[in-house]
Structure formats: C-alpha cells, structure tokens
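*Asks:* Just need the structure, nothing else, for what follows:
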Amino acid sequence: MEEHEKDLEDVPDMNKKNSIIESGEAMDQLITIDGEERITSHNEFEPVPLTNNLNADELDPETTAKLRGDAIGDTLYSQSFVLKTLLKFADLNWNQQFEEDLCFLWDMTAEKSVCEYLWELSFPSVACGAVAKYTENRFIEIVIGTLANVLCVGCDKTMTKEEIGVIIQELDSDDHLVLIQVMRFISSVAFSSSETPFIDEEAMNRLCFVLNNSINTELLLKTLETTAKLTVDFKLDKNLVNSSLYNAVLTAYCTLLGSAYLELDTKDGILACRYMLENVTNICGYIDRFENATLKLDITENLDGFLQEAIKIIKYLSQEENLLPVTDDTIFFMSAFQYIFINLNVNYSPEIFIAISKILYIVSEIRNEVERLFESTLELECFLISRSTKQRIFKDLKLLSKHKRKTVLDVVLENGPKFHFAFDLKDLKDEVT
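*Replies:* Now for the predicted structure:
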C-alpha cells in the first residue's frame with residue numbers, strides 16, 4: 001500500500017489541555033505558515049521558512065557575520081539559545097518563559113539544520129531522560145513533539161530501544177495532547193523502520209484502548225494513522241495483528257464518521273476513510289501472507305460493521321459529482337475494496353453491486369485516463385457477479401437504465417474472462433438489454 005509522508009508539526013495553543021476522552025476540534029498537525037500546510041518526507045526534507053524578529057535582507061554584512069558565528073547552519077537561529085534551553089532540562093523549573101522558549105525550539109525544528117544540530121547534541125537521549133524524570137504534561141507534550149520533528153529528518157541515526165521505550169510508556173498518559181505527540185513519534189519511528197519490536201502486546205492494547213474509547217477527532221485520526229504505519233509491509237509482529245485491532249479500527253472509524261463529527265466530503269472525513277481502509281487492507285495482507293485462517297474467520301464473522309460502512313462509501317462514490325474529478329484517494333479506496341472483498345471472499349450485496357456498476361459505467365467512459373481505477377472497479381464488479389446468480393444479477397441490473405446496464409455488461413464481457421461465472425453473461429446481456 002502507499003505510505004503517507006511523515007509530517008512536521010507546529011506548536012499548538014499553549015492553553016489547550018484536555019483528557020483522552022474529551023471531544024475537541026481537530027488541530028492542524030502539519031506546519032502551517034500563512035495558512036498553508038507544509039509536509040516533509042523521510043527522504044527529502046523541504047526547508048520551511050519561519051518568521052522571526054530578524055530580517056536578513058536589512059542586516060549589514062558586519063552584523064550578519066557576527067550572527068553567523070553563533071548560527072545553526074544557514075539559519076539565524078542561535079546555538080547558544082538551544083544549549084541554554086536544553087540545560088534547563090537538568091532541573092525543571094516550569095514557568096511561562098521556559099514554555100515559550102521550548103515552544104520556539106519546537107518551531108525551530110522545521111529547519112533541517114536545526115534537527116541535525118539537535119542530533120549532534122544527543123537530543124533524543126536528553127529528551128527521553130527528561131520525559132522519564134518529569135511529570136508536567138505540557139513539558140512532555142512539547143518535548144515529544146519536538147523529538148517527532150527531529151525524527152522526520154532523513155539522518156542516518158537511530159534511537160536506542162531503551163530510548164524508544166521511554167516514549168512508548170507515555171501511551172499510559174490520560175492527556176490527549178501528550179498522546180497525539182506519542183502517536184506522531186511512533187509513526188515517525190515506524191516509517192523509517194523495517195520492523196517494530198518496540199511495540200509489544202501491552203502497547204498494542206493501549207493503542208486499541210484509545211481507538212475504542214476516545215472521542216477526540218485529532219487523537220483518533222493520529223492513532224488510526226499510527227496503526228496503519230505499524231502494520232504496513234508487515235512491520236508489526238504477526239501475533240499482534242488480531243481481531244481486537246480490526247474491531248478497534250472500526251470502532252474509531254464509526255466514532256468519527258458514524259456521528260455528527262465528520263462527513264465524507266471533508267478533509268478529516270477522507271483521512272478517516274483512508275486510514276480505516278489502510279488498516280483493514282494491511283490486516284488482510286497479514287491473513288494472506290501468513291495464511292492465518294483463524295484471523296480470517298474471526299473477521300468474516302464480524303464483517304457486518306465493515307460492510308455497512310463500505311456501502312456508505314461506495315454509494316457516495318457512485319455519484320458522479322463525488323467521483324469526478326478522480327483523486328488519488330478515490331483510486332486507493334477502490335483498490336482497497338477490491339483487495340479486501342476478494343481476500344475475505346465477501347458475499348454478494350445488491351447495494352454494493354449496484355453502486356459498483358454505476359462507478360464502472362462512469363469510469364469506463366474515461367478508462368484511458370484512470371486506468372488503475374478502471375481495473376480495480378472492473379475486477380470488483382466481476383468478483384461480485386461471480387458470487388451471485390443470473391436471476392439476482394438480472395433483477396439488480398434492471399435498476400439501471402438500459403444504456404448503463406448494456407455498457408457495464410459490454411465492459412465485463414470484454415475484460416472479465418479470468419473470472420468464472422456460473423451462467424452465460426451473453427445470455428444475460430440479451431435478456432436485460
């Protein structure tokens with residue numbers, strides 16, 4: 001599956017505090033500058049310009065040279081400021097000024113050279129030592145958030161298992177702002193790792209607890225993203241991928257989309273849908289790779305909840321104004337449904353079949369422009385036909401216009417020979433058209 005790029009984050013409002021189960025508006029998690037969100041990838045760091053009280057264009061050469069002597073890389077950020085701030089970790093005296101300094105350091109980590117400098121100062125070790133030592137939630141939130149940003153830089157450096165374990169322990173926090181940063185940290189580590197031995201049964205239970213119990217939009221989205229990052233490419237121990245994770249993912253998704261919190265046509269609604277499908281697709285991948293018949297049985301016995309949500313999404317996409325213009329998310333959604341349905345051998349559903357038929361009709365008109373979407377939709381259509389009877393398909397196709405059902409059957413007859421149908425499609429075409 002495709003992986004999202006890791007994100008850097010700006011500092012949230014210093015006055016915002018909440019508990020794990022308290023509802024709240026989702027806060028921007030990407031760096032926001034002049035209303036524009038910026039993202040960096042693991043392999044390519046795009047420097048993000050930050051405002052400060054110095055305008056380099058207005059400085060004379062002598063002043064610039066003096067400032068450069070203490071500067072970090074090509075920035076005007078001060079090495080001594082960073083050092084003085086980190087020295088305060090030794091004996092925490094939490095006050096507004098220190099909080100503002102620490103928040104500014106967090107902002108500074110939008111710059112690659114600042115992150116590299118923090119690596120030189122062994123910031124991960126310093127940060128983990130401070131997190132283990134102190135209990136001030138706001139301090140812990142900012143430190144872990146800063147650490148997550150530092151990990152976003154493509155440095156050939158890693159944290160020790162013990163250091164990672166210190167941050168993982170914060171999954172026990174009841175402060176949702178701390179938990180959001182812990183999720184970002186785990187996602188950052190997972191993104192750059194081929195395995196995730198730092199996640200054990202206790203940590204997974206805590207992740208599932210958050211998914212099952214939180215109603216905070218941002219925390220749920222971050223946790224769904226985290227479990228998706230952990231399970232992609234089989235990074236997570238196969239023994240930790242179970243029906244409890246599957247059920248927790250659906251519970252979180254239904255909390256987000258099954259209520260008045262989000263809608264499918266919103267940015268967060270699309271993210272929720274994507275993360276849910278990434279998780280279920282990854283779980284199906286584990287079933288396929290490790291031939292886990294027990295997990296497959298557990299999920300198929302509890303498939304109704306997923307299918308109810310799948311029907312809503314597919315019906316939404318079957319409306320032309322929602323399907324077009326085609327986006328990368330739309331392409332992923334349909335390929336995910338195709339993989340999940342076939343992997344779990346999902347039974348025929350008239351509602352899903354009609355909606356898929358409508359989508360196939362629309363994309364068949366532009367198949368050369370959306371080849372991947374066309375292929376996944378066609379394969380899903382053929383799979384559904386193979387799971388039904390001639391009489392049932394005949395009845396359901398009658399709900400479409402004559403032109404649409406003829407187009408759909410022509411496309412299936414032309415492109416679907418690899419599927420075994422229990423009846424002759426040509427005869428069916430003659431009867432319904």
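*Asks:* got the domain boundaries for the chain?
*Replies:* 1-47+62-177, 341-433 (automatic domain parsing).
*Asks:* Let's have those domains in JSON lines, adding mean pLDDT, mean neighbour count and distance to residue 282.
*Replies:* (C-beta placed from N, C-alpha, C; glycine too.) Shown next, in JSON lines, are these (pLDDT from 0 to 100; neighbours: other C-beta atoms under 10 Å; distance: least, C-beta to C-beta, whole Å):
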{"stretch": "domain 1-47+62-177", "mean pLDDT": "77", "mean neighbour count": "17", "distance to residue 282": "7"}
{"stretch": "domain 341-433", "mean pLDDT": "93", "mean neighbour count": "17", "distance to residue 282": "11"}
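*Asks:* any chance of those in TSV, plus distance to residue 242?
*Replies:* TSV is the format used below for the domains of the chain (distance: least, C-beta to C-beta, whole Å):
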stretch	distance to residue 242
domain 1-47+62-177	18
domain 341-433	15
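*Asks:* Go through those domains and name the closest to residue 188.
*Replies:* If you check each of those against residue 188 by C-beta to C-beta, domain 1-47+62-177 wins as the nearest, at 4.0 Å.
*Asks:* shaky segments in the stretch 151-300 of the chain?
*Replies:* Across the stretch 151-300 of the chain, residues meeting the criterion (pLDDT under 70) sit at 154-156, 259-262.
*Asks:* Helices of that one, start to end?
*Replies:* Ranges of helices within the stretch 151-300 of the chain are 161-168, 176-191, 201-213, 217-231, 243-257, 267-290, 293-300, based on DSSP state H, counting those that start in this stretch.
*Asks:* My guess is residue 101 contacts residue 85. True?
*Replies:* Yes: at 5.2 Å, residue 101 and residue 85 qualify as touching, with contact defined as C-beta atoms under 8 Å.
*Asks:* okay but residue 210 is in contact with residue 219, surely?
*Replies:* Yes: counting by C-beta under 8 Å, residue 210 touches residue 219, with 6.6 Å between them.
*Asks:* how long is stretch 168-187 end to end?
*Replies:* This stretch, stretch 168-187, spans 12 Å end to end (C-alpha to C-alpha, to the nearest Å).
*Asks:* The host helix or strand of residue 150 vs helix 176-191, what angle?
*Replies:* Taking DSSP states H and E as the criterion, residue 150 maps to helix 137-151. Per axes from the mean of the first three to the mean of the last three C-alpha atoms, to 10 degrees, the angle that helix 137-151 makes with helix 176-191 is 20 degrees.
*Asks:* How far away from the center of its chain is helix 137-151?
*Replies:* Centroid separation for helix 137-151 versus its chain: 20 Å, with C-alpha atoms, centre = their mean, to the nearest Å.
*Asks:* Need the CA coordinates for that helix. CSV is fine.
*Replies:* Extracted in CSV, the C-alpha atoms of helix 137-151 (Å, rounded to 0.1, in the frame of the first residue of the first chain):
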residue,chain,number,x,y,z
ASN,A,137,2.2,17.1,30.8
ARG,A,138,2.7,20.3,28.8
PHE,A,139,6.5,19.8,29.0
ILE,A,140,6.2,16.2,28.0
GLU,A,141,3.9,17.1,25.1
ILE,A,142,6.3,19.7,23.7
VAL,A,143,9.4,17.5,24.1
ILE,A,144,7.9,14.5,22.4
GLY,A,145,6.5,16.8,19.6
THR,A,146,10.0,18.2,19.1
LEU,A,147,11.5,14.8,19.1
ALA,A,148,9.0,13.6,16.5
ASN,A,149,10.0,16.5,14.3
VAL,A,150,13.7,15.7,14.7
LEU,A,151,13.0,12.1,13.6
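*Asks:* Compute the inter-axis angle for it and helix 161-168.
*Replies:* Going by the same axes, to 10 degrees, helix 137-151 is angled at 130 degrees with respect to helix 161-168.
*Asks:* who does helix 137-151 touch, helix- and strand-wise?
*Replies:* Counting contacts by 3 or more C-beta pairs under 8 Å, 6 or more residues apart in numbering; DSSP states H and E, helix 137-151 packs against helix 96-108, helix 112-120, helix 123-133, helix 176-191.
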